[in-house]
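> Pasting a predicted model and its sequence here:
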Amino acid sequence: MTDLPPPTLRLRIDSGALASNWRALHTLSGKARAGAAVKADCYGLGGDRCVPVLRDAGCRDFFVAHWSEVPAVLAHVPADRIAVLHGPLTADEVGYARATGVRPVIDSLRQAKLWNEGGGGPCHLMIDTGINRLGIAPAEASDPAIQALDVDVVMSHLACADEDSAMNARQLNAFRACLPIVSHEEASLANSAGIALGSDYGFDLTRPGLSLYGGIQRAELEDKIGQVVHPQAALIQTREIDAGETVGYNATFTARQRMRVGVVSLGYADGILRSWGGAHFIAGDRRLPILGKVSMDMIVLDLSEAPELTEGDWVELPYHLPDAAQQTAVSQYELLTLLGNRFG
């Protein structure tokens, strides 16, 4: 079989920054240890690339959302260090968890009964203290089905940790009130932003996600979290256009003078949405403004500041997540998980 030629898109992952981010979040977690949310293929950056880096940095606890995400993580870490946040929906999922040793996170009385009826074993337990997504209600903590569980980590999830909201303290107090009711080995409340709220939120285990990959939700993290992801694209064509000529759909850009432009094979099919219009790529320290509208798989760049660039040369889209979120009005989470599968 003939090998494919190299792609014209690549996603450079700064593994040093990823490891450093985990170590920073681990330190900020105080007496607690930091785990890692590696769901959604490590927020779109690739589990095979990121999980070994996190493991080698010292991470012991890994969280996914779906059972289908387990095998990719299991290739790199022991089963009992992997937790599935969405818990078991069916007897088949109970059987899979028991056979592999992966920890289900029990999110409801139904799941608790299903797990117990399937033979039980070590699990985690989610208590909903106010976000009203998954988790048992605090009032259900004394239910016999919950009391019968062998709970390793009891956890909850903060709704407003990226804000100075009174809800943070309410959830903290609600979580603390549940801890004496459920027998457990460890407790976990804080996500990335929750870690920045201080040691009261740390308990035994924190569960950072976005900040591992370069996201900064609170000012306390600004000088501690580095950029991890660097989308890059090769120029597939360069050309000259004359004054008065337009670029792209709906002719939204008109050249004021003769200029040199370049095309990269990147667009909204790759997660670079039309909201990037008006932003720029870089070649070294030189800015290459985006001209006209972003297409499905093409973006046109102004090469005035880098006239020597030609077909095959690589340029980069600045992807410091807080800045990119401000530029595009797209959340930092979405900026990561939107990145498509055509990157090499």
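Sure, I can see it.

> Report all helices and strands that whichever strand or helix holds residue 114 contacts.
Using DSSP states H and E, residue 114 maps to helix 109-117. Using 3 or more CB pairs under 8 Å, 6 or more residues apart in numbering; DSSP states H and E, the elements in contact with helix 109-117 are helix 91-100, strand 103-106, helix 144-147. For every residue, glycine as well, the C-beta is placed using N, CA and C.

> closest to residue 18 out of the ones you listed?
strand 103-106 (23.7 Å; CB to CB).

> Sheet-wise, list the partners of that closest one with their directions.
strand 82-84 (parallel), strand 122-126 (parallel) (DSSP bridges).

> In a markdown table: those, plus distance to residue 243, mean pLDDT and mean neighbour count.
Formatted as a markdown table, the strands paired with strand 103-106 follow (distance: least, CB to CB, whole Å; pLDDT from 0 to 100; neighbours: other CB atoms under 10 Å):
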| stretch | distance to residue 243 | mean pLDDT | mean neighbour count |
| --- | --- | --- | --- |
| strand 82-84 | 59 | 98 | 25 |
| strand 122-126 | 61 | 98 | 23 |
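
> re the thing from before, mean pLDDT and distance to residue 1 for the helices and strands packed on helix 109-117 - can I get that in JSON lines?
Formatted as JSON lines, these follow (pLDDT from 0 to 100; distance: least, CB to CB, whole Å):
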{"stretch": "helix 91-100", "mean pLDDT": "97", "distance to residue 1": "33"}
{"stretch": "strand 103-106", "mean pLDDT": "98", "distance to residue 1": "40"}
{"stretch": "helix 144-147", "mean pLDDT": "98", "distance to residue 1": "53"}
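
> and among these, the most buried is which?
Across these, averaging neighbours per residue (mean count of other CB atoms under 10 Å) puts strand 103-106 on top, at a mean of 24.

> Let me see the contact set for residue 177.
By CB atoms under 8 Å, 6 or more residues apart in numbering, the contact set of residue 177 is residue 138.

> Looks to me like it is in a helix.
Yes: secondary structure of residue 177 (DSSP: H, G, I helix; E, B strand; the rest coil): part of a helix.

> about what we covered before: which residues touch the helix holding residue 114?
With contacts defined as CB under 8 Å, 6+ apart, helix 109-117 is touched by 87-91, 94, 104, 106, 121, 123, 136, 140, 143, 145-146, 148-149.

> so residue 274 sits right up against residue 294, yeah?
Yes: under the criterion of CB atoms under 8 Å, residue 274 makes contact with residue 294 at 4.7 Å.

> In terms of neighbours, single out the busier of the two.
Between residue 274 and residue 294, counted using other CB atoms under 10 Å, the more crowded position is residue 294 (22 against 12).

> what would the helices and strands packed on helix 109-117 look like in CSV with distance to residue 48?
Compiled in CSV, the helices and strands packed on helix 109-117 are given as follows (distance: least, CB to CB, whole Å):
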stretch, distance to residue 48
helix 91-100, 19
strand 103-106, 22
helix 144-147, 36
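
> which residue sits closest to residue 212, ignoring its sequence neighbours?
Nearest non-adjacent residue to residue 212, counting by CB to CB, 6 or more residues apart in numbering: residue 21, 5.2 Å away.

> from memory the one you found sits against residue 215, does it?
No: look at residue 21 against residue 215 with CB under 8 Å: they stay out of range, at 9.3 Å.

> Which residues are in contact with each of the two?
Joint contacts of residue 21 and residue 215 (CB under 8 Å, 6+ apart) are residue 225.

> what about these two, which has more around it?
Between residue 21 and residue 215, residue 21 has the larger neighbour count (other CB under 10 Å), namely 28 against 25.

> Give me the distance between that one and residue 197.
According to CB to CB, to the nearest Å, residue 21 and residue 197 sit 18 Å apart.

> can you confirm residue 234 is in a strand?
Yes: Residue 234 sits within a strand when classified using three-state DSSP.

> Was I right to think it contacts residue 265?
Yes: using CB under 8 Å, residue 234 is in contact with residue 265, at 7.5 Å.

> and for the two, which residues touch both?
By CB under 8 Å, 6+ apart, the residues touching both residue 234 and residue 265 are 8, 9.

> List the contacts of residue 254.
By CB under 8 Å, 6+ apart, residue 254 lies in contact with 244, 245, 246.

> cutoff 6 Å now
Contact partners of residue 254, counting by CB atoms under 6 Å, 6 or more residues apart in numbering, are residue 246.

> Please settle this for me: is residue 296 part of a helix?
No: using three-state DSSP, the assignment for residue 296 is coil, not a helix.

> And the nearest residue to residue 118 once chain neighbours are set aside, how close does it get to residue 104?
Spatial nearest neighbour of residue 118, excluding adjacent residues (CB to CB, 6+ apart): residue 94 at 3.6 Å. Going from residue 94 to residue 104 by CB to CB gives 7 Å.

> which residues are common contacts for those two?
By CB under 6 Å, 6+ apart, residue 94 and residue 104 have these common neighbours: residue 88.

> quick one, what contacts the spatially most central residue of the chain?
Nearest to the geometric centre of the chain sits residue 43, at 3.1 Å (CA atoms, centre = their mean). Residue 43 makes contacts with 213, 336, 337, as judged by CB under 6 Å, 6+ apart.

> Let's see which of those end up in helices.
Counting by DSSP state H, the contacts of residue 43 place 336, 337 in helices.

> so what pLDDT did residue 110 get?
Here the pLDDT value assigned to residue 110 is 98.
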